[in-house]
Structure formats: structure tokens, C-alpha cells
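Visitor: Here is a sequence with its predicted model. Questions after.
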Amino acid sequence: MKFIATRIVQMVLVVLAVTLLAFGAMNFLGDPLFNILGPIADEDAGPEFAEVRAEARAEYHLDDPFIVRYGRWLGDMATGDFGRSFKNQTQVSTEISNRLPVTLILMVYAQVLSVLISIPWALWTASRAYRLPDKVSTVVSFGMLGVPVFALVVLLFWLGAVRWEIFPTRYDDETIGARLYSMFLPALSLAIPLIATYQRLLRTDLISTLQEDFIAVARAKGLPQWRILFRHALRPSLFSMLTVFGIQTGALIGGSLVVESYFGIPGIGAAVIEAIIRDDFPVVLAVVVIITVIFVVVNFIVDLLYSFLDPRVRLDG
Amino acid sequence: MALLEVNELAVTFNTPKGPVYAVSDVSFAVDKGQALGIVGESGSGKSVTVKSLMGLLPRTAKIDGSAQYEDVDVFNMSKERRKHFYGVDIAMVFQNPMTSLNPVKRIGEQLMEGMRFHRGLSRDAAKSRAIELLDLVRIPDPTKRLSQYPHELSGGMRQRVVIAMALANDPALLIADEPTTALDVTVQRDILDLLDSLRRELDMALILITHDLGVVRDRTDSIAVMYGGRVMETATTEEVFADTEHPYTQALQRAIPDMSMPRGTRLDPIPGSPPDLAITPVSCPFAPRCTFATDECRTSIPPLSAVPGSETHRYACFHPQGLVAAASTVGGEA
């Protein structure tokens, strides 16, 4: 329990630090008023806009000290209010709640694909370590690691949707099935580097676990190979992979920006790119906060899972 | 009728630097319910010998010779026979109990999986059998142990669990590979005595591997002394101690501490170190460390010869010490 409490305090501090940095950057790098009003924010634009400027200053509380504005923004966020978009005056929270689930589905989809493909692949290669199938797998997985996401999306789209016409070219959210079907290529684009990363890590850990005495003991018990791999070798070998699973969540969010824009998926990735181009700070800030929270929470869960993987890891240590 | 008969076993490892002759020309037999001690120092090939029998050697190992277990040709078993052979007919206990148990699985689960796989026992049946086994290896409070993890048990307790695991399907032959080397001295004796009494209770054959000739003296029916991957001397335990032929066996005997020796007596170590097994063997492996070695020993490999008048006693030496001594006595009288 002490461990959990400490971690929760740490998580809150991380989120606070990130929000402070992000909010500070958005307010001090450039002029918020300019971002709201555009060229008429300038004093030289003419006295006829003075009233508009004053209104905007009042509405966005731009004359308050920074710390007060930061506190108000935090407080509003705690109640689910992310403010209004500078550009189209809609509530950011409405926009987010429409788009966030789409991105989350994409991320979970990509992680599930990665885990489901990488674990059997790693088991298969580790039990044939340094033999031909393993050597071929090494080449393939380094290839998968080396291809950048932007090239991958183009390649997969062309192959899967244009050339072979297996998958739809457009995002479709009519039914859950249609959604998963149309999101397969985007999820796979995100998953491919992850699959390779997980396969490399898990394979290495499995090879060393398979050298352990308790594996020889399991063999001497006459258990079949598949059972030894799944029941004895897999669980103690998952540590590195799990750690990277947590860290990769961050990279996944970055990757989803590219993938969502390319495949036309209405997630927060697509929204944030638009918002950055248009200096729409409330949207950018909201997305930064959400990404931070997701990242921190996933890594917290990863920490809890260590003790599930190995009973010798005690959480109160 | 021997339960297990090993004939001219040879194990060669193909390494990038060339072949390593880990085991050469090893033959021995174990009868039903009997105990065989395989004695030798590190690198003598005793572990490789039993690992080859257990099918635990890596793919780089090339195995020649034969091993016959009842009607089973161990090195050429059918897939069907193999499925329920290890862990059922032959089981094994390993050297280090600290690493022999899976750290992330409960004791009960590890005890039960073998019987459930080989015998298809229900969970409840397997559980009561597991409790019975823990009781058999004299672990107090067996029911509680089932839900514990290995790290919650001491080394001696863990080795008892490993033994219980090996006994799960009533094997006719148990192989114990230096089962006490990694344990505290005070616990070693308990484990050895436990193995000995289990063998009698369950009428099970035992191959006990050790580097300590003293360990097998009172606990085995016969002994095979190994050195450099070869059998140096093999006989009934009685014969080995009463009429030692091989200089290496003699040297091992001098290295056994004896409580009746006067205070301050030094044990006699064997000078030198074990042979390099990567060199094609052309001589007696013990020759460089042997005080009786002659040119013959350095240029040819002594074959296993029988001691006259004994069915069981064989030695691989050109200068059998017992026979030489007997001959000189006879010669002196003449």
C-alpha cells in the first residue's frame, strides 16, 4: 500500500510539472492574444479593434497573473472543462470526448496486435535460437524496426487497400466490426515496430530463461516443449517487454498523429496536428494533459504488474 | 536382469574450436532397486553421462553407444514412448535446489503438473498426492507448502520438494546429480539419508552422482569411478574399498576425511588438474597426475579389464594396484 501511495503522489507531481511547462510555453512563447484574434491583436491594427481586444482579454483573463491563470485552468480541467477553442469557439471537452475514444481504440488495437503476434513469434524463435528460422526472424524484425511510420502507412495502405483491396480505404464507424476492420491497417502500421521491439526483447529474455535449471527440471519431468515454453519460460521472461510496453505507450501516441492524419481517422492525433498549425492552445494543452495522464497511468499499471509476474517483487519494498 | 544398461556410451560436443570428447566408452548397469554411485571430480563426465540418458543435452552433443532401459532403447525411443518416459520411468534430481524450482510458480502447482500431465489426475487427486509426497520427503505442514513459492523455503526444504517432484509418478529409477553439493553441510547428510531410505521404501533404483567417494560408501551397492570422461574402475561398493585397483580411486580414497585419523593429519590432495577433453584421447587421462604412470600409459588407452575371480570388478589401468600388490606378495612367498 505504501508503494501505491508513493506512486500516486509521483504521478500527480509528474502531471503537474508537465501541465505547468506546457501552459507556460503556450503563454510565454508568443502572444496568446495574437493567437486568439490574429492580426487585429496588434495595437497598430487600429483603434476600432480596441474594444474587441479588451473583450478578448477579459474573456480569457489575459490580464491576470500567470499563476492565477494556471490555477484557474487546472481547476477547470479537474471538472472536465478544457476551455473553448480559440478558433471555432466550440467546447474543447466536447471535441476531446468525441475523438479520444477513437484514438484509445487505435492504441489498444495496436498494442493487442503487437502482443498477440510478438509473443508466439518470440517463443518460436527462442526455442530455435541461432538456427535458421531464428536468423531469418532477426533480419525480418530489424527490417520492421527500421521502417519509419510515415513510410509504413503509405506501404500498408497501398498494399492492403489499393493493390489487394482487402481493407477499406476509409475509416468506417458504422458498427464495431466495421470500425475494427477499417482500423486494421492503421493499427498494424503502429504495431509493426512494436512487434519487432517486443520480439527482440522477449526472445533474448526467453533464451536466457531457457538456460535456467528449472527448465531442465521441467524437461526431466517429461513435459512437452510447448508446455515448458508457455507455462515455465514465458512468465519469468516478460519483464523487459513489459517495461518497454509502458514506455512505448508514449511513442504510440506520437505515431498515432501520423497514422490518424494519413488514414483520415477522427482521433485526437488528427485534431492536435490541426490545432498546432492553427495555434489553438486550449486544444493542444488538453491533448498534452490527456497524453501525459495516459502515459503515467499505463506505467503505473506496468509497475503493479511486475509483482504479478514475479511473486518475489514486493510492492511495499 | 539390469534395469538400465549403458554400453560404450560416448558423448562428443561439436564446438567452433573442434570436438570435445566429454564422455568416452562408458559402460555400467543398474539393477532394479539397487543404488549405483558415479564418482568423479568436476569435468569427469558424470553429469554429461546422466544428462544424455535424460535427453537433456544440447543439440550440439553427439551421442554414440547404447542405453537399454527394460525394453526401451533410450537413445532411439518412439515419440509415443518418449511422451511418458521421462518423469515416469526415470526421474532426476538436480544439483542446485535454489535454481531447480520455477520462482514464479507455487510449490503445489509444480508438484502437480507432472502427475496431471502423465497420469491425467484430477486437480483434487493430484493435490492429495502432492500432500502425500511432501509428507514422504518429511516436509512438515505439507498442506501449507502447496500454496507457497520456492523463495519462501530453505535450500534443504527446496531440495526435498525437488525430490518429491521427481517421485511424483513412482519412477523405477531416480538419478540424483550431486544432490547435496549446493547445500549446507548440516543438511547434506539429511538429504542423502532421505534418498537412501526412499530408495528402500519405494524399491526404486538410484544413480547417485557425487565427487565424494565417502558419500557413496555406505549408500550404494556398486560404484563407477569416472575420470576424463572415462570409467576408471567399476565394482561393487565392497570391492572398491576392499580391493582398490585404480591409482585414481586410491587417490580419491586418500582424500576422504576420516574421524579416526589423528588430529592435524592432512588430507592428501591429488596434484595437477583434470585433462583437456578437447584433445583427441590417445593416453590414459589420469597419466599426467599418476605416480605409477609409464610410457605405456602415455601412449595408449588402457581398456577396461576384469579382476580375475570377480564378475563385477573392472578397471582401466596398466598398473592395477591391488593385483600388483597381490602379485608381489605371492612373488615374495615363492
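Guide: Right, received. Where do you want to start? Residues are numbered from 1 along each chain as shown, chains lettered A, B, ... in the order given.

Visitor: need the residues of the stretch 151-300 of chain A near chain B, please.
Guide: Within the stretch 151-300 of chain A, the positions lying close to chain B (Cβ under 8 Å from any Cβ of the partner chain) are A:212-214, A:216-224, A:227, A:231-232, A:235-236. All C-beta spots, glycine's among them, are computed from the backbone N, C-alpha and C.

Visitor: Pull out the buried members of those residues.
Guide: Among these, those scoring as buried are A:212-214, A:216-223, A:231-232, A:235-236 (criterion: 16 or more other Cβ atoms under 10 Å in any protein chain shown).

Visitor: Kindly indicate which of the residues you listed lies nearest residue B:283.
Guide: The shortest distance between residue B:283 and any of these, using Cβ to Cβ, involves residue A:216 and amounts to 33.3 Å.

Visitor: tell me the mean pLDDT for stretch A:256-276?
Guide: Stretch A:256-276 carries an average pLDDT of 89.

Visitor: Do I have it right that residue B:147 meets residue B:109?
Guide: No: with contact defined as Cβ atoms under 8 Å, residue B:147 does not count as touching residue B:109 (9.3 Å).

Visitor: With neighbour numbers in mind, choose between these two.
Guide: Under the criterion of other Cβ atoms under 10 Å in any protein chain shown, the comparison of residue B:147 against residue B:109 puts residue B:109 first, with 17 against 11.

Visitor: Give the helix, strand or coil label for that one.
Guide: With DSSP: H, G, I helix; E, B strand; the rest coil as the basis, the three-state label of residue B:109 is helix.

Visitor: Doesn't residue A:170 belong to a helix?
Guide: No: going by three-state DSSP, the assignment for residue A:170 is coil, not a helix.

Visitor: that older thread, which ones among the residues of the stretch 151-300 of chain A next to chain B lie within helices?
Guide: Within these, residues falling in helices by DSSP state H are A:213-214, A:216-220, A:227.

Visitor: mind listing the helices in chain B by residue range?
Guide: Secondary structure of chain B (DSSP H): helices at B:46-54, B:79-83, B:97-100, B:107-119, B:123-136, B:142-145, B:155-167, B:185-202, B:213-217, B:237-242, B:247-254, B:295-299, B:321-333.

Visitor: how about a markdown table for those, with mean pLDDT and distance to residue B:283 added?
Guide: A markdown table is the format used below for these (pLDDT from 0 to 100; distance: least, Cβ to Cβ, whole Å):
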| stretch | mean pLDDT | distance to residue B:283 |
| --- | --- | --- |
| helix B:46-54 | 95 | 21 |
| helix B:79-83 | 93 | 38 |
| helix B:97-100 | 94 | 37 |
| helix B:107-119 | 96 | 44 |
| helix B:123-136 | 96 | 47 |
| helix B:142-145 | 96 | 52 |
| helix B:155-167 | 96 | 38 |
| helix B:185-202 | 93 | 35 |
| helix B:213-217 | 90 | 24 |
| helix B:237-242 | 93 | 24 |
| helix B:247-254 | 91 | 14 |
| helix B:295-299 | 93 | 5 |
| helix B:321-333 | 71 | 19 |
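
Visitor: would you list the ones you listed in CSV and tack on distance to chain A?
Guide: Output for the helices of chain B, formatted as CSV (distance: least, Cβ to the nearest Cβ, whole Å):
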stretch, distance to chain A
helix B:46-54, 5
helix B:79-83, 7
helix B:97-100, 4
helix B:107-119, 4
helix B:123-136, 13
helix B:142-145, 15
helix B:155-167, 7
helix B:185-202, 16
helix B:213-217, 21
helix B:237-242, 26
helix B:247-254, 27
helix B:295-299, 37
helix B:321-333, 38
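
Visitor: between those helices, which gets nearest to residue A:74?
Guide: Of all the helices of chain B, helix B:107-119 sits nearest to residue A:74, with 48.8 Å by Cβ to Cβ.

Visitor: Next, the angle from the closest one to helix B:155-167.
Guide: If you take axes from the mean of the first three to the mean of the last three Cα atoms, to 10 degrees, helix B:107-119 sits at 20 degrees to helix B:155-167.

Visitor: residues of helix B:107-119 that come out buried?
Guide: Neighbour-count burial for helix B:107-119 flags B:107-118 (criterion: 16+ other Cβ under 10 Å).

Visitor: Let me know how buried the single nearest residue of chain B relative to chain A is, in neighbour terms.
Guide: For chain B, the residue closest to chain A is residue B:87, as judged by Cβ to the nearest Cβ, at 3.2 Å. By the criterion of other Cβ under 10 Å, residue B:87 has 26 neighbours.

Visitor: Excluding covalently adjacent residues, which one is nearest to it?
Guide: Leaving aside its sequence neighbours, residue B:87 sits nearest to residue A:222 (Cβ to Cβ, 6 or more residues apart in numbering or on different chains; 3.2 Å).

Visitor: Can you check the pLDDT for the one you found?
Guide: 95.

Visitor: That one and residue B:82, how far apart?
Guide: 8 Å (Cβ to Cβ, to the nearest Å).

Visitor: likewise residue B:39?
Guide: Remark: distance between residue B:39 and residue B:82 (Cβ to Cβ) = 30 Å.

Visitor: Give me the residue at the spatial middle of the chain.
Guide: Looking at chain A here, since you left the chain open. Nearest to the geometric centre of chain A sits residue A:253, at 3.0 Å (Cα atoms, centre = their mean).

Visitor: Wait, chain B was what I had in mind.
Guide: Compute the mean C-alpha point of chain B, and by Cα atoms, centre = their mean the closest residue is residue B:209, 2.5 Å away.
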